[in-house]
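J.: my questions are about this predicted structure, shown below with the sequence.
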Amino acid sequence: MTPAAAFFDLDGTLTLENTGRLWFRRERAEGRLALGQAMEAAFWMGLYGVGLMRADTALSRAVATIQGVDEAALGARIARFYEEEVVSVYAPGGLDVVRDLQQRGVPVVLLTAASTYLAGCVKEDLGLTDALALEFAVDAEGRFTGSLVEPVCYGAGKVAHAERWAEANGVDLADCTFYTDSITDLPMLERVGTAIAVHPDARLTRVARKRGWEILDWGGGVEEDTARMTRLRRLASSAVRRLSEARARVGDDPVDGPDNESDRERSGAI
C-alpha cells in the first residue's frame, strides 16, 4: 500500500551517526567551543545519556549556550558541516527507500530534533518535500535568544509538527508511514497508520516486536546500535562524574560560560 506521506527521523535512521555528536566534536576540535562550555554540555547531555534528564530539557540547556550568536554565521557553518561530515554518514538503505518513495510520488518529510538549519540542508540535498525540525528563537537583530520555539520537535512535539503539516497538505496521518530508530518517537509511531523501526534501540525493539511493527536494518544493525549505546552511557556516566568532582573542588560553583562576545561567536549548536 502506498502511503499518503512518509515521515523520516534523521539521526540513527537516515544517518548511521548522531549528527549532534559529530558537530560537538568538530566545534571542539576547531576551537569554537570553550572548555567551560564543553564541560557544561557534557554534563547536561551526560545526565540525558544515563537517563537522569529528559532530552527536551537537555536540548533547552544546550540551546541556551548560543544566546547572542549570529544566526546567519551559524547557518553557514552548519552548511559546511553538512557537506563535509554528514553526507558521508547516510545509511545506504535509507536513501534507497527515500528514492523509491519519491519515484512513486509519495511526499517525503524529514521529522527530526536536529535544527532547522541542518534539516534544511538534508531537504535540499535529498529533494525532500519538507523538513520539520527544532527551531531556535531569533531576535530582531538576527541573533539567537537562547530559547527554543514551541512546540519542540521532539517526542510528542513531533506529533504536533506532523499534524500541522498534514492538515495544511490535506493528509490524514492514519494513512502515513513513519521511520525511526528511537523509543522517544513512540508518540509519532502510534499516531501514524504504519510504524517502521529502523535498527531500533533496545526499548523500541521490544515494543516493535510486541506490536508486530516492521523492523528494518539500513546499515547499523540492532546489535551494533545496542553496543554503541552501552559505550555512550558509560562515557556519559564518566563525564557526569568528572564534572561533579570538578565542581566540588571549586566549591560547587557552576562552570563559567563564555564571558565575552567573541566566545559566544565561537560557540554553536545544530
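T.: Thanks, I have it.
J.: neighbours of residue 163, just the number please.
T.: 14 (other C-beta atoms under 10 Å). Every C-beta, even on glycine, is put in place using the N, C-alpha and C of the backbone.
J.: ok, it touching residue 174?
T.: No. Counting by C-beta atoms under 8 Å, residue 163 does not reach residue 174; the two are 11.3 Å apart.
J.: any chance you could list what contacts stretch 145-155?
T.: 55-56, 59-60, 63-68, 111-113, 132-139, 157, 160-161, 184-185, 187 (C-beta atoms under 8 Å, 6 or more residues apart in numbering).
J.: buried among those? Make that a ChimeraX selection.
T.: A single ChimeraX command selects the buried members of those (16 or more other C-beta atoms under 10 Å):
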select :55,56,59,63,64,65,66,67,68,111,112,113,132,133,134,135,136,138,157,160,161,184,185
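J.: I'd like to know which of the contacts of stretch 145-155 are part of strands.
T.: Using DSSP state E, 111-113, 132-134, 136-138 are the members of these that sit in strands.
J.: how about residue 176, phi and psi?
T.: phi -110, psi 170 (degrees, to the nearest 10).
J.: how many neighbours does it have?
T.: For residue 176, using other C-beta under 10 Å, the count is 23.
J.: can I assume it is in contact with residue 2?
T.: No. Using C-beta under 8 Å, residue 176 makes no contact with residue 2, being 10.9 Å away.
J.: dihedrals phi and psi, residue 179?
T.: phi -110, psi 130.
J.: compute the first-to-last residue distance for stretch 62-81.
T.: Chord length of stretch 62-81, first to last residue, is 19 Å (C-alpha to C-alpha, to the nearest Å).
J.: mind listing what's buried in that stretch?
T.: Residues of stretch 62-81 classed as buried by neighbour count (16+ other C-beta under 10 Å): 62-71, 74, 77-78, 81.
J.: and these as a markdown table, adding pLDDT and distance to residue 152?
T.: Shown next, in a markdown table, are the buried residues of stretch 62-81 (pLDDT from 0 to 100; distance: C-beta to C-beta, whole Å):
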| residue | pLDDT | distance to residue 152 |
| --- | --- | --- |
| 62 | 74 | 12 |
| 63 | 78 | 10 |
| 64 | 78 | 13 |
| 65 | 74 | 16 |
| 66 | 81 | 15 |
| 67 | 84 | 17 |
| 68 | 89 | 21 |
| 69 | 88 | 19 |
| 70 | 91 | 23 |
| 71 | 93 | 18 |
| 74 | 90 | 19 |
| 77 | 91 | 22 |
| 78 | 93 | 19 |
| 81 | 94 | 22 |
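J.: can I get those residues in a markdown table with distance to residue 88?
T.: Converted to a markdown table, the buried residues of stretch 62-81 look like this (distance: C-beta to C-beta, whole Å):
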| residue | distance to residue 88 |
| --- | --- |
| 62 | 24 |
| 63 | 26 |
| 64 | 31 |
| 65 | 27 |
| 66 | 26 |
| 67 | 32 |
| 68 | 32 |
| 69 | 26 |
| 70 | 28 |
| 71 | 26 |
| 74 | 22 |
| 77 | 18 |
| 78 | 16 |
| 81 | 12 |
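J.: which of those sits closest to residue 8?
T.: residue 78 (19.1 Å; C-beta to C-beta).
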